[in-house]
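Enquirer: Would you be able to build a 3D model of this:
(one chain, ligands or ions: 1)
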Amino acid sequence: MTRVKSMLGEEIGLPHALDEAGIERVETDLAEHIVQLGGDRPSHIVWPSMHRTREQVSEMFKRLHRAPHREETIEAMVDSARRELRDKFLSADVAISGANFLIADTGATCTVTNEGNAELTTTPPRVHIVTAGIEKLVPSMGHAIAMLRLLVRSATGADVTQYTTFHCGPKQAGDRDGPEEFHIVLVDNGRSRMLREGMKEMLRCIRCGACMNHCVVFRQLGGHVYGGTYPGPMGAVLTPVFDGLERSRDLPHACTMNGKCQEVCPVAIPLPTLLRGWRDRSWREGLEPSVVRFGLGIHTFVASHPRLYRLGTGIAVRVMRLFSRGGVVRGMPGLGAWTAHREFPAPAKRTFMEMLKDQEKAR
Ligand code: SF4
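Expert: Numbers count the residues shown, from 1 in each chain. From the prediction side, this is the model:
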């Protein structure tokens, strides 16, 4: 069986299920081929193997391809993958693909790739199965084209993808090629629940990846740390839907709320608002650890009593200065977990309130 990259497939655990069922699964997207050879998971929804260096990929191809490249060039490595996959394309019985859009008035599915692997995967086999989330349905071809333009510009910055394929069903009498059977599997997997539970904006997501490309947290940590299928801001909203808030409670908190994701989202999904909604729900359902609830309770009390707040911050600043060297705080008891991995800047010589008071006096 050959497969075209689809995040929905990852979401419902399809690769794992096929492997467990003993079905030979061949990933045909180049990046997914790298992920499959490495036995790991995609780290980005548009560039799944961006966590691998060129040298790692070269080493993997040399070890696992039947006729690997000899020259250390990108072209030679791509040729190696092409040689490895070519006969798999031609000998597969069944092809599985996703769909970027499902077009209601014609019944066609629309898939975009930059490698042409969707065409090569879905044409030779006898059966073509399309899996797609119910939110992918658009009324007409005009709507699909408008969404395509948004998707491609936000995902890669190009005007169009190299390949845009419309599948319109099984082959007809007189057709020289194409599948004899064509099936579309519509997947809900929590989407109806999202509609009911105040997350309906998230169903507009076209999986372009722009929010993660601009997310300061994703850019520092990469995609694997998010744990679920979808990384970045959209993943922090979606993973609690699929895996439950209790298991993924940390994700909505791993956000600086700088709003960049919402700014770049082509379909204007209010990601920070949705993340705040999860935080609120986590608090209301008592999922926060008692130490966090206790700490926030103290903070609320202190922050709502200005004198106490000034006294507390004044003491904290003076203590931190005692442990400051070279502009950073080092070896301060209670801050070890923070300073073990990153620098904690030393407090400024004068606090904002002190400077403000001086200015007021001078005036
Ligand atoms: S949330 Fe918006 S920016 Fe992020 S993947 Fe979805 S459509 Fe793209």
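Enquirer: Quick check: Ile45 vs Gly223, distance?
Expert: 8 Å (CB to CB, to the nearest Å). C-beta: built from backbone N, CA, C; applies to glycine.
Enquirer: need the helices for the stretch 201-350 of the chain, in chain order.
Expert: Here the stretch 201-350 of the chain has its helices, by DSSP state H, counting those that start in this stretch, at 210-213, 216-221, 232-243, 250-253, 260-264, 271-284, 290-303, 306-322, 336-339.
Enquirer: picking up where we left off before, which residues are in contact with both of Ile45 and Gly223?
Expert: With contacts taken as CB atoms under 8 Å, 6 or more residues apart in numbering, Ile45 and Gly223 have Met212, Pro231 as neighbours in common.
Enquirer: Next to the ligand in this structure, residues from the stretch 201-350 of the chain, please.
Expert: Applying CB under 6 Å from any ligand atom, one finds that the stretch 201-350 of the chain approaches the ligand through Cys205, Ile206, Arg207, Cys208, Gly209, Ala210, Cys211, Met234, Cys265, Pro266, Val267, Ile269.
Enquirer: so which of these comes closest to Tyr309?
Expert: Checking these against Tyr309 with CB to CB, the nearest one is Cys211 at 34.9 Å.
Enquirer: Now do the contacts for the closest one.
Expert: Per CB under 8 Å, 6+ apart, neighbours of Cys211: Gly232, Pro233, Met234, Cys261, Gln262, Val264, Cys265, Ile269, Leu271.
Enquirer: The nearest residue to the second one once chain neighbours are set aside: neighbouring residues, count only.
Expert: Which is Pro233. Sequence neighbours aside, Cys261 is the residue nearest to Pro233 in space, at 3.9 Å (criterion: CB to CB, 6 or more residues apart in numbering). Neighbours of Cys261 under the rule other CB atoms under 10 Å: 28.
Enquirer: Ok, Arg66 next?
Expert: 8.
Enquirer: How about it, nearest residue that isn't a chain neighbour?
Expert: Of all residues not flanking Arg66 in the chain, Glu84 sits nearest, at 6.4 Å (CB to CB, 6+ apart).
Enquirer: show me the contacts for that neighbour.
Expert: His33, Phe61, His65, Arg66, Ala67.
Enquirer: wait, the third one sits on Arg83?
Expert: Yes. Applying CB atoms under 8 Å, one finds His65 in contact with Arg83, separated by 7.3 Å.
Enquirer: So between these two, which is more surrounded?
Expert: Neighbours around His65 and Arg83, counted as other CB under 10 Å, are more numerous at His65. The numbers are 17 against 14.
Enquirer: mind giving me the domain split of the chain?
Expert: 2-187, 199-284, 307-362 (automatic domain parsing).
Enquirer: Can you redo the ones you listed as CSV, where the extra columns are mean pLDDT and distance to Thr300?
Expert: As requested, the domains of the chain are arranged in CSV below (pLDDT from 0 to 100; distance: least, CB to CB, whole Å):
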stretch, mean pLDDT, distance to Thr300
domain 2-187, 95, 38
domain 199-284, 95, 12
domain 307-362, 87, 11
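Enquirer: Can you tell me which of those domains is most buried?
Expert: Mean neighbour count (mean count of other CB atoms under 10 Å) peaks for domain 199-284 among these, with a mean of 19.
Enquirer: List the contacts of the nearest residue to Glu181 once chain neighbours are set aside.
Expert: Distances taken as CB to CB, 6+ apart put Val127 closest to Glu181, at 4.5 Å, once the chain neighbours are dropped. Residues in contact with Val127 (CB under 8 Å, 6+ apart) are Asp93, Val94, Ala95, Pro179, Glu180, Glu181, Phe182, His183.
Enquirer: what's the answer for Gly312, then?
Expert: Val302.
Enquirer: That one and the ligand: what is the separation?
Expert: Distance, Gly312 to the ligand, by CB to the nearest ligand atom, to the nearest Å: 39 Å.
Enquirer: just the helices in the stretch 1-150 of the chain please.
Expert: Going by DSSP H, counting those that start in this stretch, the stretch 1-150 of the chain shows helices at 7-11, 14-20, 30-38, 54-64, 74-91, 117-122, 141-156.
Enquirer: what's around the spatially closest residue to Glu246 that is not a sequence neighbour, how many residues?
Expert: Excluding the flanking residues, the one nearest Glu246 by CB to CB, 6+ apart is Leu287, at 5.9 Å. Under the neighbour criterion other CB under 10 Å, Leu287 is assigned a count of 13.
Enquirer: All set now, cheers.
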